[in-house]
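Visitor: below: sequence and its predicted model.
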Amino acid sequence: MDESRIEPFRAGLLDWAEDNLRQFPWRDLDASLYEVFVAEFFLTQTPAANVARVYPRFLSEFPSLDAIRCSDVESLVEVIEPLGFYNMRVEALDEIATSYDSLPRDADELTELTRVGDYVANATVCFALDRQVPILDRNVDRVYGRVFGDDWPDTKREQLEFADKVLPPEQARTYNLALLDLGAAVCTPTPKCPECFANRFCDYYETQYAGVDG
DNA sequence: AATCCGGGGAA
DNA sequence: TTCCCAGGATT
C-alpha cells in the first residue's frame, strides 16, 4: 500500500499539537490512572465541556474506587446525573468498585471491567501511563478514513493494526490527544479542510472536498 | 462480523 | 416523535 502519507501526517499532526491541544484537568501530566480512567469513562458519548463541569466535584467526592465502594448509589447518581446515561454509568462504576481494589495498569485487563471497551482501555493507559498504544473512536476513524482514503481498512482489527503502525515512536500520548482534537475541531463531520495542515496530501481533500459552498 | 442496546440530541 | 449516533455488549 501507499505509505507516503504517513510520515507527513505524523509530522504535521505533532506540529499542529504544539499550539492546538485542548487543556483539561484529566490531561494534566500528573493525573492519576484513576483520574484519567474516570474522565475517559465519562467522555464516551458525552462532550468534553459537559464532563468538565462535573469532573472536579466527582473527584472530590469520589477520589478513589474505595470512595465509590463506600458510598451509596444515590450520592453517585446526584453527581453523575448531569452527564446523562447515569443509570448505566452508576451501575458500572458500582460494579467496578466492588470488583477491584485498584485499577489494572494494563489495557487488556481494563477491558474486563464493566462497560470498558477498547477505546476507554487504550485511552486510559496511553494518557495516564504513556503507553504506546493506538486509540480508535469515531473521530480517529473519520480522520484516518479521509486522509488515507482506500488505505484505511474496514475492519476494526485491521484499523488497530494500521493505527499502531502510524503511531510516532515514543510520542503516542501527544499524537493521540492531537488526533482527537483534530477530529473535534477541524476534521469534523463537515470538515474545515482549508485550515487543515493535511490538505496538501489528504485523500479526501484531493478527491472529494468541494469547498465551503459545496 | 453483525446486530443490539440505552438514552441524549437534532431534525 | 422519529431518526441518528458512539461506544460497549451480545450473539
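Guide: That came through fine.

Visitor: which strand or helix spans residue A:11?
Guide: Taking DSSP states H and E as the definition, residue A:11 sits inside helix A:6-20.

Visitor: buried residues in that helix?
Guide: A:6, A:9-10, A:12-13, A:16-17 (16 or more other C-beta atoms under 10 Å). In short, each C-beta sits where N, CA and C put it, glycine included.

Visitor: for DNA strand C, give me its nearest residue in chain A.
Guide: Relative to DNA strand C, the nearest point of chain A is residue A:117 (2.5 Å; C-beta to the nearest atom of the strand).

Visitor: quick one, what contacts that residue?
Guide: residue A:111 (C-beta atoms under 8 Å, 6 or more residues apart in numbering).

Visitor: how near is it to residue A:110?
Guide: 9 Å (C-beta to C-beta, to the nearest Å).

Visitor: same check on residue A:184?
Guide: Between residue A:184 and residue A:110 the computed distance is 23 Å (C-beta to C-beta).

Visitor: and chain A, what are its domains?
Guide: A:6-23+A:132-207, A:25-129 (automatic domain parsing).

Visitor: number of nearby residues for the closest residue to residue A:189 other than its chain neighbours?
Guide: Closest residue to residue A:189 apart from its sequence neighbours, by C-beta to C-beta, 6 or more residues apart in numbering: residue A:142 at 7.2 Å. Residues within reach of residue A:142, counting by other C-beta atoms under 10 Å, total 18.

Visitor: contacting residues around residue A:142?
Guide: A:183, A:187, A:189.

Visitor: residue A:12 now?
Guide: A:197-198.

Visitor: check which helix or strand the residue nearest the centre of chain A maps to.
Guide: Compute the mean C-alpha point of chain A, and by C-alpha atoms, centre = their mean the closest residue is residue A:123, 5.3 Å away. Here residue A:123 sits within helix A:118-129, counting by DSSP H and E.

Visitor: buried ones in the helix or strand just after that helix?
Guide: Next helix or strand after helix A:118-129 toward the C-terminus (DSSP H and E): helix A:138-148. In terms of neighbour count (16+ other C-beta under 10 Å), helix A:138-148 has its buried residues at A:139-140, A:142-148.

Visitor: now stretch A:170-186
Guide: Counting neighbours by 16+ other C-beta under 10 Å, stretch A:170-186 gives A:171-183, A:186 as buried.

Visitor: next step: these restricted to helices.
Guide: A:172-183 (DSSP state H).

Visitor: looking at those residues, which is nearest residue A:79?
Guide: The nearest member of those to residue A:79, counting by C-beta to C-beta, is residue A:180 at 24.7 Å.

Visitor: show me the shaky parts of chain A.
Guide: Within chain A, the stretches with pLDDT under 70 are A:211-214.

Visitor: before we move on, back to that, need the contact list for the residue nearest to the centre of chain A.
Guide: Counted by C-beta under 8 Å, 6+ apart, residue A:123 has contacts A:36, A:40, A:135, A:176.

Visitor: same thing with residue A:36?
Guide: With C-beta under 8 Å, 6+ apart, residue A:36 has these contacts: A:26, A:123-124, A:127-128.

Visitor: nearest to DNA strand B among those residues?
Guide: Once C-beta to the nearest atom of the strand is applied, the member of these that ends up nearest DNA strand B is residue A:123, at 17.7 Å.
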